[in-house]
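1. Sequence first, then the predicted structure:
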Amino acid sequence: MRAQLRMLHFRLPFVYMLGFSAILVVAQHGWSDGLDWRVLVGAGGLAAVFLWRIIHWLRFDESKLDARQLQRSLQSIVYSAGVIGIVFASWGIWGMSQNNVAAPQEVSFFVLISLLGALFCLAYLRQAALMLVLSVGVPLSISCWFSNADIFSVLTLHFIFVAAIIAVITHSFGSDFETFIDQQTRLYRTQGEAKARAEEMRVLAFKDVLTDLDNRRGFFHYLKRKFPRTNTHALTLGLIDLDGFKPINDIYGHPAGDDLLCKVSRRLVEFLGEEVFVSRVGGDEFALITLHRMTDHDIIALGRAICAALKVPFVLKTGVQVKLSASMGFARAGVDADDAEKLFERADHALYYAKTYHIGHALLFEPKHERVTRDSAEIAQGLRDSQFVDEMEMIFQPVVSAENNNITAVEALARWHRPDGLEILPNHFIPVAEAMGLMNKLTLALFEKSTDCMVHWPKYLKMSFNLSTADVIEPYVINALMDITRQKGISPNRIIFEISENVLHDHLDRADKMLNELSTYGFTIALDDFGGRISNFNHLHQLPIDVVKLDSELICDLRFSAQSRILVSKIVELAQGLDLRVVAQGISSNDHLKVLEGLGCQYYQGFHFARPMTHQKLISLLHTQDGQLGHQGVA
C-alpha cells in the first residue's frame, strides 16, 4: 500500500492536469459558440477542484502514515475517481448538448483522450482505473452512441475497443507492479532478518550463553573502547577466580557447576551495580571494569568486599548448600599499563600471586607479581617434563622431645634439583603443581621416596608428611597412601600426616571424611600452623586431630609479645585437655627455647636444633648421637 501511494503521489497530479486540460477544451468551445455562463461556472468549479487536488498530492507524504491510514488513503482515491468522474462526465455531456454537432465530436474526442491518459497514470491502482472508466467512459460512450451523429457511434465503438485493450494492459501492469512490490518486500524482509540474525550473532559472539554476561571477546571489546586515551587513571580492571569451584563441579556434577556460575554472576552484578562492567572471561574466572577514579585503598577495599560477598554460601537448585571463596587481582590503567592487553596481563599477574600466596584475598598489581609469574611459568615448564619426579630429593628436619632432646620424628621436605643447577623450594613449586593439577601425582611420588628412606630408620622414629588441599579431598590419594604404607611394611602409627587449616576452611566436609579414614587406618593427623590468623579452635575437637603444630610466626613473637605467650599457653592447655600433643616449630634461637620452657609443649622443631638434612646425614646423626641432640643442636 505504501508503494502504491508512493507511485500515485507523483502521477495523480498528471491525472488532474489531464482533466483540467479537457475542461479548458470544453470551456473554449463554450466561449466560441457564445458565452454560456452555466458551462463556464461548471468549468470553473471543476478546475478549482482539480487544482486543489493537484496541490494536495504534491504535498502528500505517505511515509508518516500507518497501515490503517494507508488503506483509507487508497480507498479515498478510488472513491474520488468515481465521484469526480461522474461529476466531470455529467458536466461534459451536458456541455456538449448545448453546442452544435461538430463541437461535441471534438469535445468528446479530447475528453476520451484525456481519459486514456489518466488510465495509464492510475495503472498502479487498478480499482481507481476501473472506477474512472465506469464513471467517465461509460456515460460518455452511452451519450455518443445514442446521439444523432453516426460518427459518434463509430467513435464509441473505437473507444470501447481501445479502452478494453488499455484496461487489460493496465491490469497486467498493476499485477506486475504488485508482484514486484511483493518480491521487493520479501527481499527487504529477508535482508532485515539477515541483518537481525547478524546482529544476534554479533551479540552472541560477545555474550556468555550460560551467565548472560559478556564473554572474553565482549570484555576486551569493552575494555578497548573504554581504555582512557589520556593519563586519567580512571579505569581499574579486576580479575576474579573462584577458589574451590572444581571440587564442587566434580562432586555434584556439571549442571550444579553451571547453576553455581549463574548464581555467582548474578551476585556480582547485584553487588556491584550497573555502573561496574562484569563479564565471564573463563571457566570460573570473572572480570570487572570500573571507570570511577579510585585510590589504592579504595581498590583493595572493593576487592575485600567482593571476596566477602562470594564467601556467603550458595544454595543450588538441588537444595545443596555450597561454599567457596575468591581470589582477586587488580591493575590500573595508566599506572600499571598503557594499553588494554598489558593491563589485563598485569591484573592476571596479581591474581596468580593472590592464588599462589594469598588465596582468598585481593591484591593490587606490583612488579614482583610479574617476576613471580615468570618464574612460575618456568617452573610449570619443568613440571611438564615427565622426569621431574626423578629430580626431587627428600630431606628431613628432626623433631625432638622437650623432655630429653631425643629425636622422635622427622618432617619430610622436598627439594627440586633441576638439571640447570637450580634448587627450587616447595613454596615455589607446590603452588604451581596445584594450579596445574599435578599435586596428587607429586604427593604420591614424594611419599614413595620418603617411605623408601623410612625403611632404613629405627622403628621408633616417626615421619611427618605434608598433604595439600588437592590430596585431602581426593579418595584415590588416601587409598594410595594406605597401599604404599602397606607395601613397604611400615606401621601406620609411625606416619604423621600434616594438614594446614586452609584445607579445613575450604573443604571441611570432605576433609573430615578423608581424615577419619586415615585415622581409622592408624595414621596420626597433625594440624599445621595452628594459632595463625585463620585458626578455628572447633577443629581441635570436631576432627580426628592428634597433634597440634604451633604457627612459627607465633613462636617468633613470644619474646616480644605477652599476648603471644598467653595465646600459646592457652592453646597448649586446651590441647592437653583434649589429649593432643603440641609441637612448637620455628625455634631458631636459645631465647625462644627459654620462653617456651614451662608452657607445656611436648616437642620442639627448628633451626636451633637442626636444619633439614639429607637421608645419609640423618642416618649418620642417628648413629653418632644415638638419636639425641644437645641444647645447641647440630645447626
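-> Sure thing, it's come through.

2. Quick one: the helices in the stretch 101-250 of the chain, in order.
-> 102-121, 126-132, 138-145, 150-206, 216-226, 245-252 (DSSP state H, counting those that start in this stretch).

3. Serialize these to CSV and add fields for distance to Leu58.
-> All C-beta spots, glycine's among them, are computed from the backbone N, C-alpha and C. Output for those, formatted as CSV (distance: least, Cβ to Cβ, whole Å):
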stretch, distance to Leu58
helix 102-121, 14
helix 126-132, 18
helix 138-145, 28
helix 150-206, 22
helix 216-226, 47
helix 245-252, 71
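
4. among the ones you listed, which is nearest Arg11?
-> helix 102-121 (4.2 Å; Cβ to Cβ).

5. And the average pLDDT for the closest one is what?
-> Averaged over helix 102-121, pLDDT sits at 66.

6. same check, this time on stretch 197-217
-> Here the average pLDDT along stretch 197-217 is 82.

7. can you list contacts of it?
-> Outside stretch 197-217, the residues within contact range by Cβ atoms under 8 Å, 6 or more residues apart in numbering are 218, 221-222, 258, 261-262, 265, 269, 277-282, 286.

8. Just the endpoints, please. Distance across that stretch?
-> 19 Å (Cα to Cα, to the nearest Å).

9. chain center to that stretch: distance?
-> 8 Å (Cα atoms, centre = their mean, to the nearest Å).

10. Of all the residues in it, which ones are buried?
-> Within stretch 197-217, the residues that count as buried by 16 or more other Cβ atoms under 10 Å are Phe206, Lys207, Asp208, Thr211, Leu213, Asp214, Asn215, Arg216.

11. With stretch 584-593 instead?
-> So for stretch 584-593, counting by 16+ other Cβ under 10 Å, buried means Ala584, Gln585, Gly586, Ile587, His592, Leu593.

12. Tell me if I am right that the fourth one is in a strand.
-> No. Looking at Ile587 with DSSP: H, G, I helix; E, B strand; the rest coil, it is coil, so not inside a strand.

13. For it, give me its contacts.
-> Going by Cβ under 8 Å, 6+ apart, Ile587 touches Ile555, Leu593, Leu596, Tyr604, Gln605, Gly606, Phe607, His608, Phe609.

14. just the fifth one next, same as before
-> His592 makes contact with Ile555, Cys556, Leu558, Arg559, Gly586, Gly606, His608 under the criterion Cβ under 8 Å, 6+ apart.

15. Closest to Thr236 out of those?
-> Nearest to Thr236 among the contacts of His592, with distances taken as Cβ to Cβ, is Cys556, at 36.2 Å.

16. and Glu411, that's in a strand?
-> Yes. Counting by three-state DSSP, Glu411 is part of a strand.

17. picking up where we left off before, among the contacts of stretch 197-217, which are in strands?
-> Per DSSP state E, strands hold the following members of those: Phe277, Val278, Ser279, Arg280, Phe286.

18. got a markdown table for these, with distance to His297 too?
-> As requested, these are exported to a markdown table (distance: Cβ to Cβ, whole Å):
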| residue | distance to His297 |
| --- | --- |
| Phe277 | 22 |
| Val278 | 22 |
| Ser279 | 25 |
| Arg280 | 28 |
| Phe286 | 23 |
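
19. I'd like those residues as TSV, with pLDDT appended.
-> Below are the ones in strands among the contacts of stretch 197-217 laid out as TSV (pLDDT from 0 to 100):
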residue	pLDDT
Phe277	94
Val278	94
Ser279	94
Arg280	92
Phe286	95
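
20. what's the farthest-apart pair in those?
-> Phe277 and Arg280 (11.9 Å).

21. who has more neighbours, these two?
-> Ranked by neighbour count (other Cβ atoms under 10 Å), Phe277 and Arg280 place Arg280 first, with 26 against 20.

22. Quickly list what that one is bridged to.
-> Phe286 (DSSP bridges).

23. and Ile166, how many neighbours?
-> Ile166: 19 neighbours (other Cβ under 10 Å).

24. which non-adjacent residue is nearest it?
-> Leu119 (5.3 Å; Cβ to Cβ, 6 or more residues apart in numbering).

25. same thing with Ala129?
-> Leu122 (4.0 Å).

26. Hmm, Leu116 and the one you found touching each other?
-> No. Using Cβ atoms under 8 Å as the test, Leu122 is too far from Leu116 to be in contact (11.0 Å).

27. ok, Ala301 to Ala347 distance?
-> 17 Å (Cβ to Cβ, to the nearest Å).

28. How about Ser265?
-> Distance from Ser265 to Ala347, by Cβ to Cβ: 19 Å.

29. Comparing these two, which residue is more hemmed in?
-> The residue with more neighbours, out of Ser265 and Ala347, is Ala347; 27 against 19, by other Cβ under 10 Å.

30. what pLDDT does that one get?
-> Listed pLDDT for Ala347 reads 93.

31. what's the answer for Val41, then?
-> For Val41, the predicted pLDDT is 73.

32. Counting neighbours, what do you get for it?
-> Neighbour count for Val41, taken as other Cβ under 10 Å: 10.

33. That one: what's it in contact with?
-> Contacts for Val41 (Cβ under 8 Å, 6+ apart) come out as none.

34. Would you mind measuring from it to Val136?
-> On the measure of Cβ to Cβ, Val41 and Val136 end up 20 Å apart.

35. repeat for Arg202
-> To Val136, Arg202 is 57 Å away according to Cβ to Cβ.

36. How about Ser401: what's its closest non-neighbour residue?
-> Per Cβ to Cβ, 6+ apart, closest to Ser401 is Thr408, 5.3 Å.

37. What is the three-state secondary structure of that neighbour?
-> Thr408 - assigned by three-state DSSP - is strand.

38. okay, and for the stretch 501-635 of the chain, where does confidence drop off?
-> 502-507, 532-539, 625-635 (pLDDT under 70).

39. That one: helices as residue ranges?
-> Listed in chain order, the helices found in the stretch 501-635 of the chain under DSSP H, counting those that start in this stretch are 501-506, 508-521, 538-542, 552-556, 562-577, 590-596, 615-624.
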